[in-house]
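K.L.:
Starting from these lines, generate the structure:
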Amino acid sequence: MIPVFEPVISEDEISAVVDALRKGEVSGTFGKYIEDFENEFAAYVGCKHGVTVNSGSSALHLAVAALDLQPGDEVLVSSSTNIATALAALHNGAVPVPVDSEGVTWNLDLDLIEGLITPRTKAIIPVHLYGHPVDMDRLMEIANKHNLIVIEDCAESHGATVRGRMTGSFGHMACFSFYANKVITTGEGGMITTNDDVFAESVKLLRNLAFTQPRFRHELAGFNFRMPGFVAALGLAQFRKIDHIVEQKRRVAHRYNEKLKGIKGIQLPAELEWAKNVYWMYGIVVDPAEFGIDRNKLIDALAESGIQTRTFFCPMNQQPVLEKMQGFRDVPCPVADGLWENGLYLPSTWNLSDETIDVICDAIRRAPGWEG
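P.N.:
I've put the predicted structure just below:
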């Protein structure tokens, strides 16, 4: 089976983790590896501060917690995303409001944002979906006009840029994930980046149970979201290869583009002229009428050929756990609904060979004739 993704761990990463363990960097927030990982990654993004945490979901949770929202406050979120984006609002007592996608980059549709803003809207979390950045220049104009806090969800966009500027450097805060299938990985792990000194101090405090002085007396309800030092060592070793990894992810995508172009009924991922797409996952969207079979049959056909795939995300407007929330708004999201029904992503490990990609593309071309 060709896996949809598998992490690439070399001797560099193993040596770094062993070194951290030998130095006793096992738990807590001390140690050289945490500080170095935070400083180097934040500088890469273009931010003053990086704050490591134990997952991308924790990063989102902490960033929203730092806003001190009141019950019933609303947070606009991309409808097409992993549910972690919306749960960050839910777990902080706020109501996530889905914003439908647009059909080219599959990111949230910027033309819909202002029509969804109410007096209760306090923040927006745009997701740079599958590695293509949101047009953050325009989004920040809208957010500033309405005094909204912006938290970029960069779980899938390490290294992606908007007009040459890194994602993660536009919003008031940004949240990165280092899950096993992300551009770089620490297994589990995440980081918040920001240029705001107050937000940086707030998330540092909250990630560590809000310890202050005297120790063991707490004014705030913090969290235990710390990243261990040996995990940061893995992240730092991965980070120092990020330019090569991004280059290889773009090579994989360009090979797919070359081999799949011209197939009727298959929409390929975009890269707009102002954007650098890092193709976290290489996604395609199937038009059954044009292609000849639907997305699910394509998945079955590829599985029979030993090729693993995965569907796009179930949109937030269709999530039962959110629909049960008091105050949740029934916002139509027809484009995100269509992506959920017709989208899938293909094997996207960054060291896939051209020969393997060709095998996958040949299987897609043959799929309409599959009789399984």
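K.L.:
what stretches of the protein score poorly on pLDDT?
P.N.:
370-372 (pLDDT under 70).
K.L.:
Please enumerate the strands of it.
P.N.:
49-53, 74-78, 95-99, 121-125, 149-153, 161-162, 165-166, 173-177, 190-194, 266-267, 275-276, 282-286, 310-311, 343-346 (DSSP state E).
K.L.:
what's near enough to touch Glu188?
P.N.:
Counting by Cβ atoms under 8 Å, 6 or more residues apart in numbering, Glu188 makes contact with 54-55, 178-180, 231. Every C-beta, even on glycine, is put in place using the N, C-alpha and C of the backbone.
K.L.:
Make CSV from those and add distance to Ala84 to it.
P.N.:
Formatted as CSV, the contacts of Glu188 follow (distance: Cβ to Cβ, whole Å):
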residue, distance to Ala84
Asn54, 13
Ser55, 8
Phe178, 13
Tyr179, 10
Ala180, 15
Val231, 19
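K.L.:
Mind giving me the PyMOL command for buried ones among these?
P.N.:
A single PyMOL command selects the buried members of the contacts of Glu188 (16 or more other Cβ atoms under 10 Å):
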select buried, resi 54+55+178+179+231
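K.L.:
Among the contacts of Glu188, which ones are in helices?
P.N.:
Among the contacts of Glu188, the members falling in helices (DSSP state H) are Val231.
K.L.:
and of the contacts of Glu188, the nearest to Asn208?
P.N.:
Asn54 (11.3 Å; Cβ to Cβ).
K.L.:
In space, what's closest to the residue most central in space within the chain - neighbours in sequence excluded?
P.N.:
Closest residue to the average C-alpha location of the chain: Ala155 at 2.4 Å, with Cα atoms, centre = their mean. Nearest residue to Ala155, sequence neighbours excluded (Cβ to Cβ, 6 or more residues apart in numbering): Ser177, at 3.8 Å.
K.L.:
now Lys122
P.N.:
According to Cβ to Cβ, 6+ apart, the nearest residue to Lys122 is Asp73 (4.7 Å).
K.L.:
give the contact list for that neighbour.
P.N.:
Taking Cβ under 8 Å, 6+ apart, one finds 93-95, 120-123 in contact with Asp73.
K.L.:
Which of those residues are buried? Put it as a ChimeraX command.
P.N.:
The buried residues among these can be selected in ChimeraX (16+ other Cβ under 10 Å) with this line:
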select :94,95,121,122,123
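K.L.:
Could you work out the most separated pair of the contacts of Asp73?
P.N.:
Most distant of the contacts of Asp73, by Cβ to Cβ, are Gly93 and Thr121, 14.8 Å apart.
K.L.:
and Glu323, how many neighbours?
P.N.:
11 (other Cβ atoms under 10 Å).
K.L.:
From Val104, how far off is it?
P.N.:
Using Cβ to Cβ, to the nearest Å, we find Glu323 at a distance of 28 Å from Val104.
K.L.:
Kindly report the same for Gly159.
P.N.:
21 Å.
K.L.:
just Lys32 next, same as before
P.N.:
The spacing between Lys32 and Val104, counted by Cβ to Cβ, is 44 Å.
K.L.:
Comparing the two, which shows the higher neighbour count?
P.N.:
A count of neighbours by other Cβ under 10 Å puts Lys32 above the other of Lys32 and Val104, at 15 against 12.
K.L.:
Find the nearest non-adjacent residue to Ile360, please.
P.N.:
In this structure, Ile360 finds its nearest non-sequential neighbour in Ile307, 5.5 Å apart by Cβ to Cβ, 6+ apart.
K.L.:
quick one: furthest residue from the center of this structure?
P.N.:
Most distant residue from the mean C-alpha position of the chain: Pro214, 37.7 Å away (Cα atoms, centre = their mean).
K.L.:
since we're on Asp137, how many residues are nearby?
P.N.:
Look at Asp137: counted by other Cβ under 10 Å, it has 12 neighbours.
K.L.:
got the angle for the lengthiest helix in the chain vs strand 282-286?
P.N.:
Counting by DSSP H, the longest helix found in the chain is helix 242-260. If you take axes from the mean of the first three to the mean of the last three Cα atoms, to 10 degrees, helix 242-260 sits at 30 degrees to strand 282-286.
K.L.:
Check what contacts helix 242-260 and list those residues.
P.N.:
Contacts for helix 242-260 (Cβ under 8 Å, 6+ apart): 44, 131, 158-159, 183-184, 238, 266, 268-269, 277-280, 282, 284, 346, 348-352, 354, 357-358, 360-361, 364.
K.L.:
what's the spacing between it and its chain's center?
P.N.:
Between the centre of helix 242-260 and the centre of its host chain there is 18 Å, according to Cα atoms, centre = their mean, to the nearest Å.
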